[in-house]
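>>> Give the three-dimensional model of this entry:
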Amino acid sequence: MRRISVQNLKPGMVVARAIFSSDGRILLHSGIILSNRYIKRLGDLEIDSIYIRDKIFGYVEHRDIVADETRHNTIRMVRENFNKLDKNHNLDTRAVKGTVDNIVDELLINRNILFSLSDIRAFDDYTFAHSVNVCILSILTGITMGYHRTQLNELGIGALLHDIGKIRISLNVLNKPGELTRNEFSEIKQHPEFGFKILREYHDLSLLSSHVAYQHHERWDGQGYPRNLAGEKILEYARIVAVADVYDALLANRPYRPPYSINQGINILKRMSGIYLDPACVTALVANIAVYPIGTVVELNTGDTGIVIDTNREHPTRPIVKVVFNFRGQRIAHEHEVDLSKLKTVMIVKTL
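Coordinates of the predicted model:
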């Protein structure tokens, strides 16, 4: 199994992992043989890439840090609650708290697995899938920073609902493919305050979770919004969510740009560290990222080509690779595994 860009798909390829809509419906089942019609449909949905079965590289077990069922149930719950609020109904705080509790459980159980952005999201699912990824990344960061259970739940709720204020923003502005005007950007900048006002009405939610919505666009150097808070004046939960928010947004396919690669995303975070973002939160989040996720086809500096079959938590840039082709591009008769964490002179030079 490997992930491949939709633009490189060809009829006859077989889907390896089911593709879901944000309401939990399966768009394409695992095992479906792709046709031109299916490929066009994926393009129309602005899905960037999918997982396919690969006879050359063989079966590779992909372990998710959060189960597909949990992820898609959470996306559906977020969407339903955004829609309820948009229609002036109440937020289902019991569902929110229960969902975050389940995510914390799974992340604590799977704490040795690195995060791989394995969800396949359609363009119109962006806000909801983004909210779930930010929640997962934030809780992982909190675990790395030594948070206890109550803190993880407060952080997770704030992260999951950090963009709830966007229900008060025009969809035309939110989804605009081009550059925003000054007035449109001023409208966008109101969503943190809208989110805070919404969440603080629910007294069974921690006020700290509400402040995540309020403060996640503040900057470490004090040049953010809405209140120009700086450094440790910004709630630490919000500083964590700010990092997760930026990272997930960078890796998403947006109307105005293609997604950045994992390496590019991490490098951008590091450049923003100490200016836009809290350096300690950047370091803690990056420690949880699989730079080369399982199923990634890579070229080594030896010229050999292989597929990542496992990650090393202590050495995220040095995974375990199954070598399939030699430096001449010839199929190797006896494929073998290489643990890059144990070989100082062998490294990945590019992904394919």
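>>> ranges for the strands of the stretch 201-350 of the chain?
Secondary structure of the stretch 201-350 of the chain (DSSP state E, counting those that start in this stretch): strands at 297-300, 305-310, 320-325, 331-339, 348-351.
>>> Mind putting those into a markdown table with mean pLDDT, distance to residue 70 and mean neighbour count?
Placement of C-beta: from N, CA and C, glycine included. What follows is the strands of the stretch 201-350 of the chain, written out as a markdown table (pLDDT from 0 to 100; distance: least, Cβ to Cβ, whole Å; neighbours: other Cβ atoms under 10 Å):
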| stretch | mean pLDDT | distance to residue 70 | mean neighbour count |
| --- | --- | --- | --- |
| strand 297-300 | 93 | 28 | 19 |
| strand 305-310 | 92 | 22 | 22 |
| strand 320-325 | 94 | 26 | 19 |
| strand 331-339 | 91 | 30 | 12 |
| strand 348-351 | 92 | 28 | 14 |
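>>> wait, which of these is closest to residue 252?
The closest of the strands of the stretch 201-350 of the chain to residue 252 is strand 348-351. By Cβ to Cβ, the value is 18.2 Å.
>>> strand partners of that closest one, parallel vs antiparallel please.
strand 297-300 (antiparallel) (DSSP bridges).
>>> residues in contact with the strand it pairs with?
Contact with strand 297-300 is made by 2, 57, 292, 305-308, 321, 323, 338, 346-352, as judged by Cβ atoms under 8 Å, 6 or more residues apart in numbering.
>>> what sits against the residue lying closest to residue 14 once chain neighbours are set aside?
Nearest residue to residue 14 in three dimensions, chain neighbours excluded: residue 53, at 4.3 Å (Cβ to Cβ, 6 or more residues apart in numbering). Residue 53 sits next to 1, 13-16, 59 when contact means Cβ under 8 Å, 6+ apart.
>>> care to break the chain down by domain?
According to automatic domain parsing, the chain comprises the domains 2-52, 68-286, 297-351.
>>> and among the ones you listed, the most buried is which?
domain 68-286 (a mean of 19; mean count of other Cβ atoms under 10 Å).
>>> for the closest residue to residue 287 other than its chain neighbours, phi and psi?
Closest residue in space to residue 287, ignoring its immediate chain neighbours: residue 144 at 5.6 Å, by Cβ to Cβ, 6+ apart. With angles defined as degrees, to the nearest 10, residue 144 sits at phi -60, psi -30.
>>> What score does residue 144 have for pLDDT?
pLDDT for residue 144: 96.
>>> Residue 244 versus that one, what's the distance?
12 Å (Cβ to Cβ, to the nearest Å).
>>> what touches both of these two?
residue 285.
>>> Touching stretch 206-222 from outside, list them.
With Cβ under 8 Å, 6+ apart as the criterion, stretch 206-222 contacts 154-155, 157-159, 161-165, 189, 192-193, 195-196, 198-200, 224-231, 234-235, 237-239, 241-242, 245, 274-279.
>>> switch the cut-off to 6 Å
Residues outside stretch 206-222 that contact it (Cβ atoms under 6 Å, 6 or more residues apart in numbering): 154, 157-158, 162, 192, 195-196, 199-200, 224-225, 228-230, 234-235, 237-238, 241-242, 245, 275-278.
>>> need the strands for the stretch 1-150 of the chain, in chain order.
2-5, 19-20, 26-28, 49-52.
>>> where does stretch 179-195 sit relative to the chain's centre, distance-wise?
Relative to the chain's own centre, stretch 179-195 is displaced by 23 Å; criterion: Cα atoms, centre = their mean, to the nearest Å.
>>> which one in the contacts of residue 53 is the model shakiest on?
Among these, residue 59 has the weakest pLDDT, 70.
>>> Quick check: closest non-adjacent residue to it.
Residue 59 sits nearest to residue 1 (Cβ to Cβ, 6+ apart), 6.5 Å away.
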